[in-house]
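Colleague: okay, predicted coordinates and the sequence, questions at the end:
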Number of protein chains: 4
Amino acid sequence: MDDILVKLMEKPQLKDPIFIEGLPGVGNVGKLAAEHLIDQLNGVKFAEIVSKYFPPQVLVKDDGLIRLVSNEMFYVKRNDFDNDLVFLVGDYQGISPEGQYMLSDRVLSIVDELGVRRIFTLGGYGIGKMVEKPRVLGAATDQELVEEMKALGVVFSRGEPGSGIVGASGLLLGLGLNYGMRSVCLMGETSGYLADPRAAEAVLNVLVKIVKVKIDYESLRHKAQQIDQITARIRDIESQQGQEHQGERREDLGYIG
Amino acid sequence: MDDILVKLMEKPQLKDPIFIEGLPGVGNVGKLAAEHLIDQLNGVKFAEIVSKYFPPQVLVKDDGLIRLVSNEMFYVKRNDFDNDLVFLVGDYQGISPEGQYMLSDRVLSIVDELGVRRIFTLGGYGIGKMVEKPRVLGAATDQELVEEMKALGVVFSRGEPGSGIVGASGLLLGLGLNYGMRSVCLMGETSGYLADPRAAEAVLNVLVKIVKVKIDYESLRHKAQQIDQITARIRDIESQQGQEHQGERREDLGYIG
Amino acid sequence: MDDILVKLMEKPQLKDPIFIEGLPGVGNVGKLAAEHLIDQLNGVKFAEIVSKYFPPQVLVKDDGLIRLVSNEMFYVKRNDFDNDLVFLVGDYQGISPEGQYMLSDRVLSIVDELGVRRIFTLGGYGIGKMVEKPRVLGAATDQELVEEMKALGVVFSRGEPGSGIVGASGLLLGLGLNYGMRSVCLMGETSGYLADPRAAEAVLNVLVKIVKVKIDYESLRHKAQQIDQITARIRDIESQQGQEHQGERREDLGYIG
Amino acid sequence: MDDILVKLMEKPQLKDPIFIEGLPGVGNVGKLAAEHLIDQLNGVKFAEIVSKYFPPQVLVKDDGLIRLVSNEMFYVKRNDFDNDLVFLVGDYQGISPEGQYMLSDRVLSIVDELGVRRIFTLGGYGIGKMVEKPRVLGAATDQELVEEMKALGVVFSRGEPGSGIVGASGLLLGLGLNYGMRSVCLMGETSGYLADPRAAEAVLNVLVKIVKVKIDYESLRHKAQQIDQITARIRDIESQQGQEHQGERREDLGYIG
């Protein structure tokens, strides 16, 4: 078996396509954003990637059918625009450093053949605390892109992210330079504790201006509400436990008093 | 040395063979079930698999002789049936993700040459607590197989197993699709704490209906009794310790009183 | 760079050579025994093995000179005997399962070319407590060898070692079968906590009868005494600390009283 | 993608060049020293090394531009001297044993083509406590080099470093022997807790005598002062916390009293 198996269902003819990556990562921001956009634009799946660099696992769907963990690629053709779109989403990133490099390079060679010259990778920027209004941070392969992004409200902040960008969202930019591709990483600020549809919306707010689409955020906001409810329930439980403990303490005091 | 060494003792000519996998895993359910079936049907060993993907280890048998850790393949010819049987059992699964993929794919290429079109992988579904009457859960590669299994009492339960199927029992299904093979994974419910011959019997109860054999469960039930005795002894010890502690507490109270 | 680099200084012509392995392991028993025997028999180094499967490290000798961590092979020619000897010793075993398999197989291909048909691997059998008179346990590739070893006092004990033999001492036996080599593993019983020259002597006591040599054990016994002294010193310190703690407690009592 | 990608911007023609390595390691001593020397001598970058053996990561620079983690090579041409200089510095060493071996060997093949016969690797020798006047310890590939280094004040101390030299600073010496290169490792004594510009200066004090250059230490000393300030601040905080705790204890006593 090859280290990486690419099953091409179709080799689409695309017009100056822009490549958008959204694999799982911090707060699943990139995955949520990219999958929402594919959904809204009715993306067409044209490739499946299976690899020994992924976990040795199948997933069981609700109907009892299995599928190997994989990455998937979609395209969106757009008659009224200059750029078609190509997407990479999936269940996992490569689980070893070698796997990360090999998978990213392979994806780049696929999108290179499709004519891609521009990449947007989507991810989360974990700050370890709740965020009211998530900023969208950026990193890019050239100064012109930095300026373009700044004009769209993307924050380029010295020392953020301090540790660089780990995984596919970083490697696609770095290795993409070998293919002459110009790239931007958009990172939605997130606590990093939970899947964060709000950070995904913030990232999409920028991205839609670039790729010039209008999308509906309802399903993403619905997910955000569900997560809010979960968070609220957890807080309730914690605060009740707090009161019980307080209660205990009061009893203790009474007993002592 | 090749990454995977396959020593074929014989290349059996088989009639539309069904492939059954039972490697070590949760509760050793698959291994117990497959080995019991091989035993009952007098399976003939025809291949040994040795690999750098297994632990670097030899086992020492009771007579002082060693053997490399390995996987082994058996066949069962059956004159009165439509399908012969092929089995995979062994000491270990591959110990790295890469090893898992490479070994599963290699096994598939072997059984593909033998004409296999149907796979049953056997495993355990660990639920973290004791089970009185273990269910047999299923996952499959197509809807028709799901229906066939349901008719035999196999449970397809939304969200179970939630994390998918890890290891050979999953990969053989997923990668088998590349070979055009149709597959089912049968998972016997088990605590996952100990080897679980009862879950193995539950799995076999389904499997024998599919491969249309009658087998004796005595040795498997004997193993189950042995494990019950061990469990009971542990409980005894724990409960004695519990009483002693209670005793202490009573003494403490007496002292305080 | 090749995965395994073998630097042959000489390709010795050997007479029905017996291969003896003593790499680092439990209690360093095999290493101590093999190195002592090489020393006593004035073995001649003829090969060095360097590999990416060893730690990325050089050792600094007392004169300030470095050498790469390696395995080394020696031979001993013996005019008055039927068998010459070949040895494998070294700083490390392979540090990954893959490395273990690849290195063992490579060594076997080297000794195969030298005409080796018989292997003795030397190791320790860790039992987790101090041993007065260490037994020598055995494992072998055929029943005849088991009987030969029993006649020399080697113990073949059902269920010992229960977990099999991990590493080169096991793999050389298992993989050696592919080369038609007959092999024995001799394991000196040891606590496993410290380097154990006494277990090494026990192993050598058996081995010298097989390869028919007389050797002096002085330097090995000297090492054993040094380790005894270290052990005694540690016990002293521990018992003093015990008394001090007792002393403290007495003072505490006095103060309280 | 190749396991190691070397991007040569230029193939410099060099005069009997000396190769100096300073990758990250204990106290970052080697990296600080080598980067300072490159800076002072206006080294010219001629090669970038990118590899799957590095972490899968891009770094984000202050201007928002990214670059893949890499190793870099510089040269310094010197008209009035017998030897030009070649440097290796970078963000990371290989993160697996295999990577360490493969990267070191690849670098050696590059500098071999440039005509390198002499290597100095720079590193730290961590001793786990603060050092007032760091010694520079040495290790070398031949006795003549040991004597040369001793004459320059380098310490060759029996049993130091006891565990040998791990990583590129060691491997380049050991594997360099395969290329006929003579090498020295210079290790500046350091606590190992923080980046240690003072240990780097100690190493450079030796190295400048060998490569016969005069350099300014100001920027390195400035870094040392910054780290002193950080250390002092940490001590302040710790001592304040200590007093607070003391304060608490005094209050406790008062309350009890």
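Modeller: Everything's here; your move. Residues are numbered from 1 along each chain as shown, chains lettered A, B, ... in the order given.
Colleague: can you give me the strands in the stretch 101-250 of chain A?
Modeller: A:118-126, A:136-140, A:165-166, A:182-190 (DSSP state E, counting those that start in this stretch).
Colleague: and those strands as a markdown table, adding mean neighbour count and distance to residue B:159?
Modeller: In short, each C-beta sits where N, CA and C put it, glycine included. What follows is those, written out as a markdown table (neighbours: other C-beta atoms under 10 Å in any protein chain shown; distance: least, C-beta to C-beta, whole Å):
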| stretch | mean neighbour count | distance to residue B:159 |
| --- | --- | --- |
| strand A:118-126 | 27 | 26 |
| strand A:136-140 | 26 | 34 |
| strand A:165-166 | 23 | 31 |
| strand A:182-190 | 27 | 26 |
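Colleague: any chance of these in CSV, plus mean pLDDT and distance to residue B:148?
Modeller: Shown next, in CSV, are the strands of the stretch 101-250 of chain A (pLDDT from 0 to 100; distance: least, C-beta to C-beta, whole Å):
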stretch, mean pLDDT, distance to residue B:148
strand A:118-126, 97, 42
strand A:136-140, 97, 51
strand A:165-166, 96, 45
strand A:182-190, 97, 45
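Colleague: to chain B, which of those lies closest?
Modeller: Nearest to chain B among the strands of the stretch 101-250 of chain A is strand A:165-166; the distance by C-beta to the nearest C-beta comes to 19.0 Å.
Colleague: residues near the closest residue to residue A:224 other than its chain neighbours, how many?
Modeller: Using C-beta to C-beta, 6 or more residues apart in numbering or on different chains and skipping the chain neighbours, the partner closest in space to residue A:224 is residue A:197 (4.1 Å). Other residues within reach of residue A:197, judged by other C-beta atoms under 10 Å in any protein chain shown, total 28.
Colleague: measure the residue in the stretch 1-150 of chain A that chain C sits nearest to to residue C:215 for me?
Modeller: The minimum distance from the stretch 1-150 of chain A to chain C, using C-beta to the nearest C-beta, falls at residue A:96 (12.9 Å). Noted for residue A:96: a distance of 48 Å to residue C:215, by C-beta to C-beta, to the nearest Å.
Colleague: kindly report the same for residue A:35.
Modeller: 72 Å.
Colleague: neighbour-wise, which of the two wins?
Modeller: A count of neighbours by other C-beta under 10 Å puts residue A:35 above the other of residue A:35 and residue C:215, at 21 against 17.
Colleague: tell me the secondary structure for the more buried one?
Modeller: helix (DSSP: H, G, I helix; E, B strand; the rest coil).
Colleague: wait, what's in contact with residue A:69?
Modeller: A:50, A:54, A:55, A:57, A:58, A:59, A:90, A:91, A:92, B:164 (C-beta atoms under 8 Å, 6 or more residues apart in numbering or on different chains).
Colleague: change it to 10 Å
Modeller: Shown in contact with residue A:69 (C-beta atoms under 10 Å, 6 or more residues apart in numbering or on different chains): A:50-51, A:54-59, A:90-92, B:164, B:166, B:170-171, B:174.
Colleague: nearest to residue C:206, out of those: which one, please.
Modeller: residue A:56 (43.6 Å; C-beta to C-beta).
Colleague: so what's the closest one closest to, chain neighbours aside?
Modeller: residue B:100 is the one closest to residue A:56 (C-beta to C-beta, 6+ apart), at 3.4 Å.
Colleague: what parts of chain A come near chain B?
Modeller: Contact residues, chain A versus chain B (C-beta under 10 Å from any C-beta of the partner chain): A:1-3, A:5, A:7, A:50-70, A:91, A:94-96, A:98-99.
Colleague: mind checking which of these are buried?
Modeller: A:1, A:5, A:50-60, A:64-70, A:91, A:94-96, A:98-99 (16 or more other C-beta atoms under 10 Å in any protein chain shown).
Colleague: chain D versus residue A:28, what's the distance?
Modeller: Taking C-beta to the nearest C-beta, to the nearest Å as the measure, residue A:28 falls 18 Å from chain D.
Colleague: doesn't that residue fall inside a helix?
Modeller: Yes. Note on residue A:28: a helix contains this position according to three-state DSSP.
Colleague: is it correct that it is in contact with residue A:197?
Modeller: Yes. With contacts defined as C-beta atoms under 10 Å, residue A:28 counts as touching residue A:197 at a distance of 8.8 Å.
Colleague: shared neighbours of the two, which are they?
Modeller: Contacts common to residue A:28 and residue A:197, judged by C-beta under 10 Å, 6+ apart, are residue A:190.
Colleague: how many neighbours does the nearest residue to residue A:14 once chain neighbours are set aside have?
Modeller: Excluding the flanking residues, the one nearest residue A:14 by C-beta to C-beta, 6+ apart is residue A:84, at 4.1 Å. Residues lying near residue A:84 (other C-beta under 10 Å) number 21.
Colleague: wait, doesn't residue A:84 sit right on residue A:20?
Modeller: No. If you go by C-beta under 10 Å, residue A:84 and residue A:20 don't touch, sitting 11.2 Å apart.
Colleague: what is in contact with those two at once?
Modeller: Common neighbours of residue A:84 and residue A:20 (C-beta under 10 Å, 6+ apart) are A:76, A:116, A:211.
Colleague: please report how far the first one lies from residue A:179.
Modeller: Using C-beta to C-beta, we find residue A:76 at a distance of 21 Å from residue A:179.
Colleague: could you do residue A:226 as well?
Modeller: 39 Å.
Colleague: who has more neighbours out of those two?
Modeller: Neighbour comparison, residue A:226 and residue A:179: the larger count goes to residue A:179, with 16 against 12 (by other C-beta under 10 Å).
Colleague: what sits against that one?
Modeller: A:105, A:108, A:109, A:111, A:112, A:116, A:117, A:119, A:172.
Colleague: distance of it relative to residue A:89?
Modeller: On the measure of C-beta to C-beta, residue A:179 and residue A:89 end up 21 Å apart.
Colleague: give me the phi and psi for residue A:45.
Modeller: phi -70, psi 130 (degrees, to the nearest 10).
Colleague: give the helix, strand or coil label for the nearest residue to it once chain neighbours are set aside.
Modeller: In space, and not counting its chain neighbours, residue A:45 is closest to residue A:74: 5.3 Å by C-beta to C-beta, 6+ apart. With three-state DSSP as the basis, residue A:74 sits in strand.
Colleague: quick check: residue A:74 touching residue A:43?
Modeller: Yes. Under the criterion of C-beta under 10 Å, residue A:74 makes contact with residue A:43 at 3.4 Å.
Colleague: the nearest residue to residue A:116 once chain neighbours are set aside: what's it in contact with?
Modeller: Closest residue to residue A:116 apart from its sequence neighbours, by C-beta to C-beta, 6+ apart: residue A:19 at 4.4 Å. For residue A:19, the contact set (C-beta under 10 Å, 6+ apart) comprises A:73, A:75, A:85-88, A:107-108, A:110-112, A:114-121, A:172, A:176, A:181, A:183.
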